[in-house]
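# need the 3D shape of this:
(2 chains)
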Amino acid sequence: MEKSPASLLVPFYFFLLGLLILFSLILLFQGVTGTGRNDSFTNMLFIMTGLTGLVSTFYMIRRYQVSVQKMLKERKIVVLTVEECSKCSYKAVRPFREGDYVYGYGGECPRCPKSEDTGVENRMVITAIYLEGGRQEERY
Amino acid sequence: MQTPLFLGQDNTDIGYIINILYMAMFLALVFWGEKIQTIIRLRDIEYALERLRLMRDESVKFTKDKLKKYGREEINRFLDNYLEFVTIPPVDMDPAGVVWKLDHIVKTAEDRVRGEIKQIIPGIDESQVLNIMNLFEASYALNYYYKVVRHYYILSKKTSSYILIIQLQAILPQVMMEAEAYLGALQAFSSGQPIGDGAGALVAARLMRGGEIFDIERDNVYTVKNIQGRRVYFMKAKGPGGAVGTPGDALMKLSEKESFKMIFMVDAGLKLEGEKTGSIAEGVGAIIGGIGTEKYKIEEVATRKAIPLYGMIIKMSLKEAITPMTKDVLSGVEETHQLLLKRIVEKSSEGDTVMVIGVGNTMGIAQ
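Predicted coordinates:
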């Protein structure tokens, strides 16, 4: 699989963020120590700019982390299978198992008397398979 | 009291530097404003492109992992080739007969893929073949989205076309939404779970229960039942594999020996934003999606024999249509089932023959 032209963008983006952090720290340091100035207002501006730079950089890093986590997050969905007994109308809901399909056969009915015959006639019928939780999450 | 001065207002070195910076920024925005906008927009597109690439890779990896159980390495190579598979549509300069040509080409493509999967994995059952084909199609769609977006991204970068970039950025949310839906569909396709698109097929399956099942044409089944003195044919794609069948072909064949008084079609339909999932819309016409060949055949039969076409749509979003069926869709199925029986009795008279077609992908739904 070939790489997209965008794959170089991530290291560059982090390089820029690194520069911004460095620059913000220098401003903050100068503001706190008041290097070469006695003007407290300018020092305060340096401190504010440095802090704003640091906060916005960490916000950007956090935003990137969240978006990557969101992208790679395993989609955990629970699908349920509904089984119904055609003799006593007993209904059971259980998690979906590979091989289940609607109008296929499920397990034996726990309510009906056990029979020696293990044919499909004594097994419950799968009447529905659906996603637990009702609706699909829309991200947009 | 001394008035505090803002940066650039005092006559210090820093003030001069800030004034120069302001002027430089102003000039930069005047001369390179559009260029800066372009860079910002391209960055957004690059981010989306990267996400599409990750989705495509994840989908291919998932499919290959799922196919490991068959122990055939060739299937992985076949998947890689399939991602670049092309189906060339027929020439439409002379549109007469183009539907039949398209139908032929699509069936040939399907036969080829189906045949190759069976050849690589001998003894595999038909429903598994169809589920693998559905998995392949999801990877194919994601690869296609990625390649098309990448094409326009590189093209707009090469030409520095601002208009092209804006157009691409405008359609990206829709593209990403569809790509997300395909990615979400993989789990359902690999385990053979019923998907939202199977709502129409599920309505038909419920009505077919207890009847004798007959195969007809490619991947279709039907049964005939008596409903309050009406002879009703119920038809759907043959499950539980992920097939959509060829209801047009089947209807053409059945209409040779039966004269239908009316045709009812039930299908899943895309809702508009704000509409409720599982809500039902009734209407007239051939309610069926796809490339249009089956729709053409159904309309052809209905028009030639003057058979009214009635339909019901169970509404859902694209994501809900190709991912495991939700409870809302399932309640829509139940409601449509009852409504359909009511409409059959209302619209037809005793002794009439009626056709009901449950349209959609019948994955995880038998009959």
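
# any buried residues in whichever helix in chain A runs longest, and which?
The single longest helix within chain A, with elements called by DSSP state H, is helix A:40-72. Residues of helix A:40-72 classed as buried under the neighbour-count rule (16 or more other C-beta atoms under 10 Å in any protein chain shown) are A:Thr42, A:Asn43, A:Leu45, A:Phe46, A:Ile47, A:Thr49, A:Gly50, A:Gly53, A:Leu54, A:Thr57. Just so you know, the C-beta spots here come from the backbone N, C-alpha and C atoms, and that holds for glycine as well.

# all the helices of the chain, residue numbers only.
If you meant another chain, say so; for now it's chain A. Using DSSP H, helices in chain A cover A:9-33, A:40-72.

# was after chain B, sorry
With DSSP H as the criterion, chain B has helices spanning B:13-67, B:74-82, B:98-120, B:126-159, B:162-191, B:199-208, B:247-257, B:293-304, B:318-322, B:327-347.

# could I get those as TSV with mean pLDDT?
Putting the helices of chain B into TSV (pLDDT from 0 to 100) gives the following:
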stretch	mean pLDDT
helix B:13-67	88
helix B:74-82	89
helix B:98-120	93
helix B:126-159	93
helix B:162-191	92
helix B:199-208	96
helix B:247-257	95
helix B:293-304	96
helix B:318-322	91
helix B:327-347	95
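
# out of those helices, deepest packed?
Burial of those is given as mean neighbour count (mean count of other C-beta atoms under 10 Å in any protein chain shown); helix B:199-208 ranks first at a mean of 29.

# quick one on the thing from earlier: the buried residues of helix A:40-72: which ones sit near chain B?
Among these, proximity to chain B is found for A:Thr42, A:Leu45 (C-beta under 8 Å from any C-beta of the partner chain).

# just the closest of the buried residues of helix A:40-72 to B:Met265, please.
Distances from B:Met265 to these, taken as C-beta to C-beta, are shortest for A:Thr57 (57.7 Å).

# pipe the helices of chain A into JSON lines and attach distance to B:Leu67 and mean pLDDT per row.
Shown next, in JSON lines, are these (distance: least, C-beta to C-beta, whole Å; pLDDT from 0 to 100):
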{"stretch": "helix A:9-33", "distance to B:Leu67": "31", "mean pLDDT": "84"}
{"stretch": "helix A:40-72", "distance to B:Leu67": "22", "mean pLDDT": "84"}
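
# quick one: closest of those helices to B:Lys157.
Ranked by C-beta to C-beta, the member of these that lies closest to B:Lys157 is helix A:9-33, at 12.4 Å.

# so what secondary structure elements neighbour that closest one?
If you count contacts as 3 or more C-beta pairs under 8 Å, 6 or more residues apart in numbering or on different chains; DSSP states H and E, helix A:9-33 packs onto helix A:40-72, helix B:13-67.

# I'd like the distance from the first one to the chain centre, please.
When you say that, I think you mean helix A:40-72. 24 Å (C-alpha atoms, centre = their mean, to the nearest Å).

# so what touches stretch B:79-98?
Under the contact criterion C-beta atoms under 8 Å, 6 or more residues apart in numbering or on different chains, stretch B:79-98 has outside partners B:60, B:63-64, B:67, B:101-102, B:105-106, B:109, B:113, B:136, B:139-140, B:143.

# residues of the stretch 51-200 of chain B that sit close to chain A?
Contact residues (C-beta under 8 Å from any C-beta) of the stretch 51-200 of chain B with chain A: B:51, B:53-54, B:56-57, B:60, B:146, B:150, B:153-154, B:157, B:173, B:176-177, B:180, B:183-184, B:187-188, B:191-194.
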